[in-house]
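>>> Below is the sequence, then the predicted model.
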Amino acid sequence: MTGRNPARFLAPLALVAVVVALFVVIGSSPNDDKGKSTGSRSQSSGQSSGTKGTKSKKQRKSPRRYTVKTGDTPSSIAEKTGVPLDDILRLNPDLDPQTLSPGQRIKLRQ
């Protein structure tokens, strides 16, 4: 044990430090970008809604139907479309979350 090189102990520690630093850099980059783009989107949407009153009302309406994709659940459909889950379940009384199949069309509004 007296003849061991200290680099044998420091190398694994250096590897762990590099991995932790990499996760910190990667983890913080997308969050910073999201915050900046979200702020600019809200400002630009506020400007466009003031200039185009009639068109923005048409764009806010949700589609009447949704075509189910692989991996969709009623709650994920509600999140994607912005329609409350209760409305989806009310409009589709025969909808069974266990038997959703890709290509199936469900009502989102009347």
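In hand now; what should we look at?
>>> going forward, measure contacts between C-alpha atoms and count neighbours the same way
OK.
>>> element containing Leu89?
With secondary structure defined by DSSP states H and E, Leu89 is part of helix 85-91.
>>> Can you list the strands that the helix or strand that comes right after that helix pairs with?
Tracing the chain C-terminally past helix 85-91 and defining elements by DSSP H and E, one meets strand 105-107 next. Looking at strand 105-107 with DSSP bridges, its paired strands and their directions are strand 65-67 (antiparallel).
>>> For the strand it pairs with, buried residues please.
Taking 16 or more other C-alpha atoms under 10 Å as the neighbour-count basis, strand 65-67 is seen to contain the buried residues Tyr66.
>>> what mean pLDDT would you report for it?
Rounded to a whole number, the mean pLDDT of strand 65-67 is 90.
>>> in the following helix or strand past it, what counts as buried?
The helix or strand immediately downstream of strand 65-67 is helix 74-81, counting by DSSP H and E. Neighbour counts using 16+ other C-alpha under 10 Å place Pro74, Ile77, Ala78 of helix 74-81 among the buried residues.
>>> just checking, Thr67 touches Gly103?
Yes - checked against C-alpha atoms under 8 Å, the pair Thr67 and Gly103 is within contact range at 5.5 Å.
>>> Next one: Val24 from Pro84, what distance?
In this structure, Val24 lies at 36 Å from Pro84, with C-alpha to C-alpha, to the nearest Å as the measure.
>>> Mind checking which of these two has more residues around it?
Counted by other C-alpha atoms under 10 Å, Val24 and Pro84 do not tie: Pro84 has more neighbours, with 14 against 11.
>>> Quick check on the more buried one: phi, psi?
For Pro84, the backbone dihedrals are phi -60, psi 140 (criterion: degrees, to the nearest 10).
>>> and the helix holding Leu89, what other elements does it pack with?
Applying 3 or more C-alpha pairs under 8 Å, 6 or more residues apart in numbering; DSSP states H and E, we find helix 85-91 packed against helix 74-81.
>>> May I have the helix it packs on exported as CSV, CA atoms only?
Written as CSV, here are the backbone C-alpha positions of helix 74-81 (Å, rounded to 0.1, in the frame of the first residue of the first chain):
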residue,chain,number,x,y,z
PRO,A,74,-57.7,11.2,-22.0
SER,A,75,-55.7,13.5,-19.7
SER,A,76,-52.9,13.9,-22.2
ILE,A,77,-55.4,14.8,-24.9
ALA,A,78,-57.0,17.4,-22.5
GLU,A,79,-53.5,18.9,-22.0
LYS,A,80,-52.7,19.0,-25.7
THR,A,81,-56.0,20.5,-26.8
